[in-house]
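> Sequence and predicted structure are below.
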Amino acid sequence: MDRLSDDDLALLLLIRSFELKLLDLFERGELNGTTHTCLGQEYVPVSLRPLLREPDWVFSNHRGHGHYLARFGDPEGLLAEIMGRKGAVCEGVGGSQHLRRGRYLSTGVQGQSLPVAAGVALRLKRDEPGALACVHIGDGTWGEGAVYEALNLAQLWRLPLLVVVEHNGIAQSTPTALQMAGTIEDRARAFGIAHHHVDVFDLSRIRAGLAPLIDSLRADPRPLIVEFATHRLGPHSKGDDTRPSGFPRTDWYAAYQAAHPAQSARIEAEARARVDEIAADVSARPAATWTTA
Amino acid sequence: MSPAEPPGRPGSGVPPGAARGGDRVGEDLNRALHGLLDDDSSVYVLGEDLLDPYGGAFKITKGLSTRFPDRVLTTPLSEGTIVGAASGLALAGGKAIAEIMFADFAALAFDQILNFASKSVTMYGARVPVPLVIRCPSGGHRGYGPTHSQSPQKHFIGIPGLSLFEMSPFHDNRAVLDRMLALREPCLFFEDKVLYTRRMYPPGVAEELFRWDLAGDVAVVRLDPGPAPAGDPSGCLDVPSGDLDYVVIVPGGLAHRALAAMRALLLDHDLAGVLLVPSRLYPFDPAPLLDLLGRAPLICVAEDGSAGGTWGGHVAADLHTRLWGRLRRPVKLVSSADSVIPTAAHLERDVLVQDGTIRRAVREGLDG
Ligand SMILES: Cc1ncc(C[n+]2csc(CCOP(=O)(O)OP(=O)(O)O)c2C)c(N)n1
């Protein structure tokens, strides 16, 4: 595995430490409700980070903490949102799966954001050529009809829509083999939509493969489906992992750590210390107030 | 049955009710959309089969795609995505009008309406503007059968962030469209299909016997008090007790049936009443009407939705609470039967509210 820049590794490990902290806070009964960690999938938004621009919209899903942190690098605001404390990005109303900040938005209903992103992409195509709408979905979400309505529209109207599929082989408790007939690639082909497969962890190789595709999507608007073969390391939400021990869950970080132990140790220690500090600070804050209720 | 004939009943040259009065309601709405697109370059119209020369299943979008080809977009048969994409346009700084071909099909967009567009206004903490109007041609009396004739308003009542409006022959469509977009939250606009071919009531006059004015957004129709300063709506709620045997409240689609019932009640039974037609059905604030309603011997609320969980039930619960101690009788409710809407004309007639249904309800209410 090639050595990563300190910046990239720091962001990856910030996301990892943040997610581990959430599970820990849940364990200790300090978090309310639910959450879905992106452990194992951190590199997806980190690889996209330099490829996305400020005017681009990002539509995230339930497993969206990494998407948010890669865009804004704001663990304080995110944790405050999840804990319902002062400084929360959405005043504690949205919580983990309903975040909005500028051109970033997530919702908790699977498949729902694709049609909305198509509408946004239409507006961008007309008013801000070169900008795109990026939507993150999982493999399980391909069961929703809204996905196909939106893909049809996006290809028909040649919309600058980047669909990022995080194919982690499972949806909640159901392995992909029990819920998907055929493949995502063939479904893309049925619409005449370009499909790009990513099956490596290496950020520079991922970016090199994606950069020309995203550039041409900006120059000549049309949808693109990028499918990451990835692995969910943790539970679906919390304490609900029913997978047998043999279920594949490769951790990019274990491989990276082995190849670059000194850099990993240094940056991981920094990330953990930072997240510990933020957790202590946010936990001590007063409750969020909903000013527009 | 395709809805694609020219406005009006299939095959008839001159639709009923077209004999006198202002423009047809459908033409008024079409003109309102033309004006809106002309005045505001951020407005889009999306829906199925909108393009000229077809111009929409009910021709309400006729001419729009020719004049504004970039912003009037025909879509695939994808109601969820029509509303979703319209919400996206609204979130990204545009304003969107989505047409659902038949109100029944709004069910296919229910997730986008309930869980996205409406919630987005408030679920992200700060208020997010979502200027979105979803047009829903609703109602029966045209023989389109169970899946093309519903008045599904009741299924959308009580959704935070969502307003319900209904077209009427009294309310200027451009003003209503402007108001809905200015709310900057999603609105459903129900358009009873039978109204498209009826005429707008010119200011002041409703049939020969009645006069109408607006009190806020509520059209108030009462017995013509004789020569009154034209265009002066003040005092239209000060109906003398002698002319106030009952009040009927209806959404716009029932306006003509309610007026026919009022005429018969007057001529055959010497009962004089007041008709109230609000433009916004939900939330509905009866506060400005309470004095009038409190003095009425009977209040009747009629609607086309099927029985059970109705708009009228919601309005009645509110009025019972606010007017407890003043009401002389329970609010009388009229709705369509607890039934699917049959296709055959004679069967459909039995299920839907007719002018006779309202007339009978008022008499029963007053007798009871
Ligand atoms: C419409 C809808 N149905 C069901 C759910 C409950 N749910 C939340 S996440 C999830 C699994 C999603 O799987 P996938 O798209 O593969 O994403 P992953 O969780 O693997 O990241 C389910 C069923 C939901 N949120 N929305």
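All right, it came through fine.
> Can you report how many residues neighbour the residue of the stretch 151-293 of chain A at minimum distance from the ligand?
Going by Cβ to the nearest ligand atom, the ligand is nearest to residue A:171 of the stretch 151-293 of chain A, at 3.1 Å. Where C-beta positions appear, they are placed from N, C-alpha and C, glycine not excepted. Residue A:171 has 20 neighbouring residues, counting by other Cβ atoms under 10 Å in any protein chain shown.
> can I assume it is in contact with residue A:177?
No. At 11.1 Å, residue A:171 does not count as touching residue A:177 under the criterion of Cβ atoms under 8 Å.
> partners of the residue of the stretch 151-293 of chain A closest to the ligand in the sheet?
residue A:174 (DSSP bridges).
> For whichever helix or strand residue A:266 is part of, what is the distance to the chain centroid?
Using DSSP states H and E, residue A:266 sits in helix A:261-283. Chain-centre distance of helix A:261-283: 21 Å, with Cα atoms, centre = their mean, to the nearest Å.
> coming back round to it: and the residue of the stretch 151-293 of chain A closest to the ligand, how far from residue A:138?
6 Å (Cβ to Cβ, to the nearest Å).
> Could you list every helix and strand in contact with the helix holding residue A:266?
Applying 3 or more Cβ pairs under 8 Å, 6 or more residues apart in numbering or on different chains; DSSP states H and E, one finds that helix A:261-283 contacts helix A:6-27, helix A:75-83, helix A:252-259.
> Report how many residues lie close to residue B:184.
By the measure other Cβ under 10 Å, the count of residues near residue B:184 is 16.
> Contacts for stretch B:263-272, please.
B:207, B:209, B:223, B:242-246, B:273, B:355, B:359, B:362-363, B:366 (Cβ atoms under 8 Å, 6 or more residues apart in numbering or on different chains).
> Show me the strands in the chain, by range?
I went with chain A, as the question did not name one. With strands called from DSSP state E, chain A shows them at A:57-60, A:100-101, A:104-106, A:133-138, A:161-167, A:170-171, A:174-175, A:194-198, A:224-229.
> meant chain B actually
B:43-47, B:72-74, B:95-99, B:132-138, B:163-166, B:187-192, B:205-206, B:210-215, B:218-223, B:246-249, B:273-278, B:280-282, B:299-306, B:332-336.
> Give me the average confidence score over stretch A:203-222.
Averaging pLDDT along stretch A:203-222 gives 98.
> can you list the residues that contact that stretch?
A:2, A:4, A:8, A:43, A:46-48, A:50-51, A:121, A:125, A:129-132, A:154-155, A:158-160, A:162, A:193-194, A:196, A:198, A:200, A:223-224, A:226.
> Would you mind writing the CA trace of that stretch as CSV?
The C-alpha trace of stretch A:203-222 is given here as CSV (Å, rounded to 0.1, in the frame of the first residue of the first chain):
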residue,chain,number,x,y,z
LEU,A,203,-6.6,6.8,-2.5
SER,A,204,-4.3,8.0,-5.3
ARG,A,205,-5.4,5.1,-7.6
ILE,A,206,-9.0,5.8,-6.8
ARG,A,207,-8.7,9.5,-7.6
ALA,A,208,-6.7,8.9,-10.7
GLY,A,209,-9.4,6.6,-12.0
LEU,A,210,-12.2,9.0,-11.1
ALA,A,211,-10.8,12.4,-11.9
PRO,A,212,-11.2,12.2,-15.7
LEU,A,213,-14.7,10.7,-15.4
ILE,A,214,-15.8,13.5,-13.0
ASP,A,215,-14.2,16.1,-15.2
SER,A,216,-16.0,15.0,-18.2
LEU,A,217,-19.3,14.7,-16.2
ARG,A,218,-18.8,18.4,-15.4
ALA,A,219,-17.9,19.4,-19.0
ASP,A,220,-20.6,17.3,-20.6
PRO,A,221,-23.4,16.8,-18.1
ARG,A,222,-24.7,13.2,-17.6
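> buried residues in it?
For stretch A:203-222, the neighbour count (16 or more other Cβ atoms under 10 Å in any protein chain shown) marks A:203, A:206-207, A:209-210, A:214, A:217-218, A:221-222 as buried.
> so how far is that stretch off the chain centroid?
18 Å.
> likewise stretch A:21-35?
20 Å.
> what comes into contact with that stretch?
A:37, A:65, A:79, A:82-84, A:95-96, A:234-235, A:237-239, A:275-276, A:279, A:283.
> For PyMOL, write the select line for the buried members of those residues.
Remark: buried members of the contacts of stretch A:21-35, expressed as a PyMOL selection using 16+ other Cβ under 10 Å:
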select buried, chain A and resi 37+65+79+82+83+84+95+96+234+235+237+238+275+279
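> Where does pLDDT dip in the chain?
You didn't pick a chain, so chain A it is. A:293 (pLDDT under 70).
> ah, no, chain B please
Ranges of chain B meeting pLDDT under 70: B:1-21, B:227-234.
> show me the contacts for residue A:133.
Residue A:133 touches A:56-59, A:117-118, A:120-121, A:124, A:159-162, B:88, counting by Cβ under 8 Å, 6+ apart.
> farthest-separated two in the residues you listed?
A:58 and A:159 (15.4 Å; Cβ to Cβ).
> Only whichever of the contacts of stretch B:263-272 are buried, select them in PyMOL.
Here is the PyMOL command that selects the buried residues among these (16+ other Cβ under 10 Å):
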select buried, chain B and resi 207+209+223+244+245+246+273+355+359+362+363+366
